[in-house]
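>>> Only the shape, not the letters, is given here:
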Ligand code: F0G
C-alpha cells in the first residue's frame, strides 16, 4: 500500500521502498524461558535483556534503521569540541528543513524539555497541551508547574473516525486561558503524533488555531516535533490543503508557526540526539547558557559528531514520502489484521506503532492490578515480543499517594522505522490474537519496588498468582513444540 504501488489483487500490502543490506540476528526463547525472563525482569519489559527478546517493539527511539547515506556521512566528520564543521552542516540542514534561525543542540528530546522547562516554567504555572508525554510532564512538575490536557474529546476515545485525534480543543483552550489568566500559563505545547494516546496526528489547521489563540494572549508556543515524521505523512494524506504541498513546505510552515520547536533525534531524523529551534533571538539567549551546563558545548550539545552527521542526512531523507510512509503503512497492516480478528486496538491506526486497548483486553482485571502492565508482560510470554506499557504504570501517583488511573490503558507495540518485515508483523498479530482468545488467563500485577519518579522505567512487579505459568502451559497445549 505504498503511495504509488497497487496490487492486482487490490490487497493493501505495505511495500518496502528500500532493500535490506545489513541484518541483526534475533533469538526466540522457548515459552518457559520467556516466563523466567519476564519474572526476573519484574514483569517490566524495560528490564528485559534484549538477548531474551525476539521482536523489540518497546520503542522506535534510537533504534530506527539508518540509510547507507547516513552511515557514509558518519565517516566524514569534523571532530572538534568547539566550532566543528559538522555542527554548522547540521545547523544549515535544520534551517533548510524548518526555516528556523537559531538552533541549540542537545543529547536527546528530554534534554530539550529540561532546558525549556527550567527557563520558562515558574512554580504555580500551568502548561496547556494537547496531551503530555511522560518525560515532558516530569520536567514541568520538577520545575513546580503542572500540566492541563486539552486534546479534543475524540482523542481519548479508543475508537473514533476523527482523522486528527491529536487536535487541541480550541474552545477548551480559550476557556482555560480565560479562567487561569495568561500570566499563569508558562506556555502552550503541541505534541505532534501524540505519543500516549495512540500516535494520533495533529492537523496544521488546528495548530494554526492554537497558535493564534495563544498569541492573542501573549502566551509562548512550543512544538514537540519528535513524532513529526508520521504526523507529516498524515497531514499530506488526510488534510486536503496539503495534498499537493511538499513535505518541506509543510515543515517550513510549522517551523515558522511556533515560537519554539524541539525534537528527539532518536525519532525524528533516525539518529540519536536532539535540538531546540527558534526564530527569536531573545528565546535563544534565554536558554543558551543551559546547553553547556547540562549538555555540552554549544556546537555539539552532547551529540557525537557522527550522530550529528547522520542526523543531518536523516532530516533531509525525512522529506521523502517513500521514507516516511514506511512506519504508518506497516502500522496499518498490523492494525488491520488485528481489527479483522476483533482484537481491541486504538483506531484509526496512527503512527509510531499499534496501540492495543488493555482496558478492554483485560477487563476482567481490577484497575489497581495494572491492566496494560499485565497485558504487556503476558504478551512477552506469549510471543517473545517486547511491547511497552502505556497506562497507569506510566503515570505517577497523586500527592496523597493514591493511584492516578490513566485515561487510556494501552500496550504500545512500536514499529521502528524500516526495521521489521511483513511476516514479523503477521507473527505479532497471530500471537496477540491467540492471547486475546486466552485473555482470561492473564492475571494482575503488584509492585515489589516502586520508584518515585518515572516509575515505569525501573519499577519491579510480581504476578498476583501463578498465572504466567498457567499461560505458558496453555501455550504449549495449543502450539506443541513451536517456539
Ligand atoms: N517527546 C515525545 C513526543 C517523545 O515521544 C519522546 C520520547 C520525547 C519527547 C523524549 O525524547 O527519548 O529523546 O529524550 N519518546 C520515546 C518513546 C522514549 O519510547 O516513545 P528522548
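All right, it came through fine. Just so it is clear, the model here is predicted, and its values are computed rather than measured.
>>> Around the ligand, pick out the residues from the stretch 201-350 of the chain.
In this structure, the stretch 201-350 of the chain approaches the ligand at residues 224, 226, 227, 264, 266, 274, judged by CB under 6 Å from any ligand atom. Heads up, the C-betas are built off the backbone N, CA and C, glycines and all.
>>> With pLDDT and neighbour count as new columns, can these be given to me in CSV?
Formatted as CSV, those follow (pLDDT from 0 to 100; neighbours: other CB atoms under 10 Å):
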residue, pLDDT, neighbour count
224, 98, 28
226, 98, 27
227, 98, 28
264, 98, 27
266, 98, 23
274, 98, 30
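>>> So which of the residues you listed are in strands?
Counting by DSSP state E, the part of these found in strands is 224, 264, 274.
>>> which of those residues lies closest to residue 173?
residue 224 (16.4 Å; CB to CB).
>>> any idea which of the ones in strands among the residues of the stretch 201-350 of the chain next to the ligand is closest to residue 325?
If you rank these by distance to residue 325 using CB to CB, residue 264 comes first, at 20.4 Å.
>>> Double-check the closest one against residue 276; I have them as touching.
No: applying CB atoms under 8 Å, one finds residue 264 not in contact with residue 276, separated by 11.3 Å.
>>> Find residues that contact each of those two.
residue 112 (CB atoms under 8 Å, 6 or more residues apart in numbering).
>>> List the residues that contact residue 333.
Contacts here follow CB under 8 Å, 6+ apart; on that basis residue 333 touches 1, 12, 13, 14, 422, 425.
>>> Phi, psi for it please.
Here is the backbone geometry of residue 333 (degrees, to the nearest 10): phi -60, psi -40.
>>> I'd like the distance from it to the ligand, if you could.
21 Å (CB to the nearest ligand atom, to the nearest Å).
>>> closest point of this protein to the ligand, which residue?
When CB to the nearest ligand atom is the measure, the chain has its nearest residue to the ligand at residue 109, with 2.3 Å between them.
>>> With adjacent residues omitted, what lies nearest to that residue?
Nearest in space to residue 109, with sequence neighbours left out and distances taken as CB to CB, 6 or more residues apart in numbering, is residue 264 at 2.7 Å.
>>> Is the one you found bridged to anything, and to what?
When bridges are called by DSSP bridges, residue 264 pairs up with residue 274.
>>> Could you pull up the contacting residues of it?
Taking CB under 8 Å, 6+ apart, we find residue 264 in contact with 61, 108, 109, 110, 112, 226, 274.
>>> In strands, which of those residues fall?
Among those, the members falling in strands are residue 274 (criterion: DSSP E).
>>> and this protein, what are its domains?
Structural domains annotated on the chain: 31-60+324-479, 68-319, as defined by automatic domain parsing.
>>> now, among the ones in strands among the residues of the stretch 201-350 of the chain next to the ligand, which is nearest to residue 406?
Compare each of those with residue 406 using CB to CB and the shortest gap goes to residue 224, at 19.4 Å.
>>> Make sure that closest one is actually in contact with residue 263.
Yes: A contact is recorded between residue 224 and residue 263 when judged using CB under 8 Å, the distance being 7.2 Å.
>>> Need the overlap of contacts for the two.
By CB under 8 Å, 6+ apart, residue 224 and residue 263 have these common neighbours: residue 109.
>>> coming back round to it: ranking the contacts of residue 264 by neighbours, who comes first?
Comparing those on neighbour count, residue 112 comes out first with 33 neighbours (neighbours: other CB atoms under 10 Å).
>>> Enumerate every residue touching that residue.
If you count contacts by CB under 8 Å, 6+ apart, residue 112 has them with 104, 106, 262, 263, 264, 274, 275, 276.
>>> ok, for it, nearest residue in space, not its chain neighbours?
For residue 112, the closest residue by CB to CB, 6+ apart turns out to be residue 262, at 3.8 Å.
>>> State the helix or strand in which the one you found lies.
strand 260-264 (DSSP states H and E).
>>> now that strand, how far from the chain's geometric center?
For strand 260-264, the distance from its own C-alpha centre to the chain's C-alpha centre is 14 Å (CA atoms, centre = their mean, to the nearest Å).
>>> Stretch 340-353 now?
For stretch 340-353, the distance from its own C-alpha centre to the chain's C-alpha centre is 15 Å (CA atoms, centre = their mean).
>>> looking at this, residue 76 is in a helix?
No: Residue 76 sits outside any helix when classified using DSSP: H, G, I helix; E, B strand; the rest coil, being coil.
>>> of all the contacts of residue 264, which two lie farthest apart?
Using CB to CB, these span at most 14.0 Å, a distance reached by 61 and 112.
>>> Distance check, residue 224 against residue 139.
In this structure, residue 224 and residue 139 are 12 Å apart, going by CB to CB, to the nearest Å.
>>> Residue 264 now?
Going from residue 264 to residue 139 by CB to CB gives 13 Å.
>>> so who does the residue nearest to residue 110 when sequence neighbours are not counted touch?
Ranked by CB to CB, 6+ apart and with sequence neighbours excluded, the top spatial neighbour of residue 110 is residue 135, at 3.9 Å. Shown here is residue 135, whose contacts under the criterion CB under 8 Å, 6+ apart are 109, 110, 113, 454.
>>> Check residue 439 too.
With contact set as CB under 8 Å, 6+ apart, residue 439 has these partners: 361, 362, 364.
>>> if you set the cut-off to 7 Å instead, what comes out?
Residues in contact with residue 439, defined by CB atoms under 7 Å, 6 or more residues apart in numbering, are 361, 362.
>>> Roughly how far does it sit from residue 157?
Here residue 439 is placed at a distance of 22 Å from residue 157 (CB to CB).
>>> Distance to residue 91 for the contacts of residue 135 - can I get that in a markdown table?
Supplementary listing: the contacts of residue 135 in a markdown table, determined by distance: CB to CB, whole Å:
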| residue | distance to residue 91 |
| --- | --- |
| 109 | 18 |
| 110 | 22 |
| 113 | 21 |
| 454 | 32 |
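>>> Filter those down to just the ones in helices.
109, 110, 113 (DSSP state H).
>>> so residue 277, which of the three states?
The assignment at residue 277 comes out as strand when based on three-state DSSP.
>>> if I look at it, how far off is residue 284?
Here the criterion is CB to CB. By it, residue 277 lies 9 Å from residue 284.
>>> The two: who's more crowded?
Neighbours were tallied for residue 277 and for residue 284 using other CB under 10 Å; the higher tally belongs to residue 277 (25 against 18).
>>> Is that one in contact with residue 99, as I believe?
No: proximity of residue 277 to residue 99 does not meet the contact threshold set by CB atoms under 7 Å, at 9.2 Å.
>>> Touching both of those two, which residues are there?
Shared contacts of residue 277 and residue 99, defined by CB under 7 Å, 6+ apart, comprise residue 255.
>>> just checking, what packs against the longest strand seen in the chain?
Taking residue count as the measure and DSSP E as the definition, the longest strand of the chain comes out as strand 185-191. Contact here means 3 or more CB pairs under 7 Å, 6 or more residues apart in numbering; DSSP states H and E; on that basis strand 185-191 packs against strand 126-129, helix 204-216, strand 221-224.
>>> Can I get the ones you listed in JSON lines including distance to residue 460?
JSON lines is the format used below for the helices and strands packed on strand 185-191 (distance: least, CB to CB, whole Å):
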{"stretch": "strand 126-129", "distance to residue 460": "31"}
{"stretch": "helix 204-216", "distance to residue 460": "40"}
{"stretch": "strand 221-224", "distance to residue 460": "30"}
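>>> I'd like the average pLDDT over stretch 151-158.
Within the predicted structure, the mean pLDDT of stretch 151-158 is 96.
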